[in-house]
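**Student:** Need coordinates for the below:
(one chain, ligands or ions: 1)
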Amino acid sequence: MNLKEKIKSFRHSDHFHIRLIYHLLKPLWVIRRFITDTYYRSVVITRLQHRMKYYQRSSFTMPDRYPLVFAACAQYLQAIAHPRLLSFGCATGEEAATLGKYMPDAEITGTDVNEWCIKACKNKYSDSRFVFLLRDSDVYNKCSGFDAIFCMAVFQHTANRLNKNNETARGLTFSQFEEEINILDTKLNPGGLLVIDNCDFSFEDTSVARQYKPLEFINNRISRARPLFDPNNRKIAETQNNYRVFVKEGK
Ligand SMILES: C[S@@+](CC[C@H](N)C(=O)[O-])C[C@H]1O[C@@H](n2cnc3c(N)ncnc32)[C@H](O)[C@@H]1O
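**Tutor:** Modelled structure (predicted):
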């Protein structure tokens, strides 16, 4: 056990003085991390700036995280010469870069609420096909006309998923989810794709969902071991079996 793990284990000690050591050291550890770790600092600052509007706070991502989804979307969009794609909650840009591989002629916008993420994206992916925008910027607020919008692992909150008492969704609520979906709907072209995965709610419960239908491909519907909450924020299942890719009607 390294020193950090050892000190963490003090928290559950039977001895008062050992627990006290943990509670005295923890604030020092948080301050040290805030000073030395730029990513951690950005999460704390974004949390203070955006509070409830900061949904998933971890920026974990990886290249080609959803290969079946990306392949199905690329096939659907192949009739468009330069499809316009949005990665909403782009983290450090690997999703945008992956989309660029599946659709080499696409114009790709990534947006994130965390400024550190947007800086990291710009440093890593400077190709002119990519644009990275802060979620709160005027340019992002005005942009529209996308052929596909990817909202992967962003409409979720750790507290909803992992808190012992998670019968009700509190970290991210259905009304916040639906409000953001309504905005994204205005940015998507008729016939375009709305793609949602790793989410605390079901897109089909939103009011705009009646204008959408699932894209037909094997594995569009996926089973995930994670709680599902209804429009009243009540947990209704411990596993999900939701569709991930929807086509907006009206083309
Ligand atoms: C787990 S990452 C998802 C990365 C990528 N989409 C994927 O699935 O691999 C979630 C990202 O969503 C961002 N995020 C959280 N709330 C947001 C909001 N209101 N608007 C835009 N991005 C947000 C976080 O900063 C974080 O970088």
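
**Student:** Which element, helix or strand, includes Tyr55?
**Tutor:** Following DSSP states H and E, there is no helix or strand that holds Tyr55.

**Student:** For it, give me its contacts.
**Tutor:** When contacts are counted by CB atoms under 8 Å, 6 or more residues apart in numbering, Tyr55 is found next to Gly89, Val154, Phe155, Gln156, His157, Gly171, Leu172, Gln176. Using the backbone N, CA and C atoms, a C-beta is placed for each residue, glycine as well.

**Student:** will you turn those residues into CSV that also has secondary structure, neighbour count and pLDDT?
**Tutor:** Formatted as CSV, the contacts of Tyr55 follow (DSSP: H, G, I helix; E, B strand; the rest coil; neighbours: other CB atoms under 10 Å; pLDDT from 0 to 100):
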residue, secondary structure, neighbour count, pLDDT
Gly89, coil, 24, 98
Val154, coil, 23, 98
Phe155, coil, 23, 98
Gln156, coil, 24, 98
His157, coil, 21, 96
Gly171, coil, 20, 90
Leu172, coil, 27, 96
Gln176, helix, 17, 97
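
**Student:** Among the residues you listed, which pair sits farthest apart?
**Tutor:** Gly89 and Gly171 (15.0 Å; CB to CB).

**Student:** Quick check: of the contacts of Tyr55, which lies closest to Asp185?
**Tutor:** For those, the minimum distance to Asp185 (CB to CB) is 13.8 Å, reached by Phe155.

**Student:** was I right about the closest one contacting Ile196?
**Tutor:** Yes: under the contact definition of CB atoms under 8 Å, Phe155 touches Ile196, with a separation of 6.8 Å.

**Student:** Quick check: buried residues in stretch 6-18?
**Tutor:** Residues of stretch 6-18 classed as buried: Ile7, Phe10 (neighbour count, 16 or more other CB atoms under 10 Å).

**Student:** Could you check how far it is from the centre of its chain?
**Tutor:** Averaged C-alpha coordinates place stretch 6-18 at 35 Å from its chain's average position (CA atoms, centre = their mean, to the nearest Å).

**Student:** What separates the first and last residues of that stretch, distance-wise?
**Tutor:** Stretch 6-18 has an end-to-end distance of 11 Å (criterion: CA to CA, to the nearest Å).

**Student:** Kindly report the residues of the stretch 1-150 of the chain close to the ligand.
**Tutor:** Remark: the part of the stretch 1-150 of the chain in contact with the ligand comprises 53-56, 58-61, 65, 88-89, 91, 95, 111-114, 117, 135, using CB under 6 Å from any ligand atom.

**Student:** now the longest strand along the chain: how far from the chain's centre is it?
**Tutor:** For the chain, the strand with the greatest residue count under DSSP state E is strand 188-197. Taking CA atoms, centre = their mean, one finds strand 188-197 lying 16 Å from the centre of the chain it belongs to.

**Student:** Buried residues, that strand. List them.
**Tutor:** Leu188, Asn189, Gly192, Leu193, Leu194, Val195, Ile196, Asp197.

**Student:** Going by contacts, tell me the helices and strands next to that strand.
**Tutor:** If contacts are counted by 3 or more CB pairs under 8 Å, 6 or more residues apart in numbering; DSSP states H and E, strand 188-197 sits against helix 67-76, strand 146-152, helix 174-187, strand 245-248.

**Student:** Turn the ones you listed into JSON lines, columns for distance to Ser126.
**Tutor:** What follows is the helices and strands packed on strand 188-197, written out as JSON lines (distance: least, CB to CB, whole Å):
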{"stretch": "helix 67-76", "distance to Ser126": "22"}
{"stretch": "strand 146-152", "distance to Ser126": "21"}
{"stretch": "helix 174-187", "distance to Ser126": "24"}
{"stretch": "strand 245-248", "distance to Ser126": "29"}
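
**Student:** Return the most buried member of these.
**Tutor:** Burial of those is given as mean neighbour count (mean count of other CB atoms under 10 Å); strand 146-152 ranks first at a mean of 24.

**Student:** quick one: strands adjacent to that one?
**Tutor:** strand 84-88 (parallel), strand 188-197 (parallel) (DSSP bridges).
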